[in-house]
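S.K.: below is the sequence, then the predicted model.
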Amino acid sequence: MRNYRDCVVAVIVGENGLVFAGERDDRAGVWQLPQGGIDPGESPKEALLRELREEIGTDRVRVVREGQDWIHYDFPEDLEAPIAKKFRGQRQKWFLLEFLQDAEPSIEKSDKEFASLSWKNPAELMRDIVAWKKEAYEKGFEIFSLIKE
């Protein structure tokens, strides 16, 4: 039985409750929050800051809140990505963050996982993520009270 991959998710909140997201470089029109795996010996917060540097070019954030529970999701059976061969899915630690005043996110400074970066309404982001992550995002946004009915 394959295990879950431990990872972190960065929910960077800006003005008017918008969240900072990236359009995936490998899937046009598919957006997600910055996220990534926790390396062996790395704490979730260390992984969070490393992933932010890698994906959006800055780790200049303030942690507002850390979700207490881990959120799980399974990869679809037909997912061809190498990670899906190694892991059953992901076990995520969610963090609510704010950019520091001197933060300058940029895909030009990143590892190019994203084709573009933008502020999104959480409900809009829910429409633009892959279907198999939707339940995890609903749980994560609920933890931080980001989606208003």
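M.R.: Looks like it came in fine.
S.K.: name the residues that touch the helix or strand bottoming out on mean pLDDT in the chain?
M.R.: Counting by mean pLDDT, DSSP states H and E, the chain has its least confident helix or strand at helix 82-86, which shows a mean of 86. Contact partners of helix 82-86, identified using Cβ atoms under 8 Å, 6 or more residues apart in numbering, comprise 2, 5, 75-76. The way it works is simple: take the backbone N, C-alpha and C, and place the C-beta from them, glycine included.
S.K.: buried sites along the strand ranked longest in the chain?
M.R.: Ranked by residue count and defined by DSSP state E, the top strand of the chain is strand 61-74. Buried residues in strand 61-74, defined by neighbour count with 16 or more other Cβ atoms under 10 Å: 61, 67, 71, 73-74.
S.K.: want to try a markdown table for the residues you listed, with pLDDT and distance to Asp102 as columns?
M.R.: Listed next are these as a markdown table, based on pLDDT from 0 to 100; distance: Cβ to Cβ, whole Å:
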| residue | pLDDT | distance to Asp102 |
| --- | --- | --- |
| Val61 | 98 | 11 |
| Gly67 | 95 | 26 |
| Ile71 | 97 | 31 |
| Tyr73 | 95 | 34 |
| Asp74 | 94 | 39 |
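S.K.: about what we covered before: show me what the next helix or strand after the least confident helix or strand of the chain is packed against.
M.R.: Per DSSP states H and E, the first helix or strand lying C-terminal to helix 82-86 is strand 89-99. When contacts are defined as 3 or more Cβ pairs under 8 Å, 6 or more residues apart in numbering; DSSP states H and E, strand 89-99 packs onto strand 4-12, helix 44-56, strand 61-74, helix 134-143.
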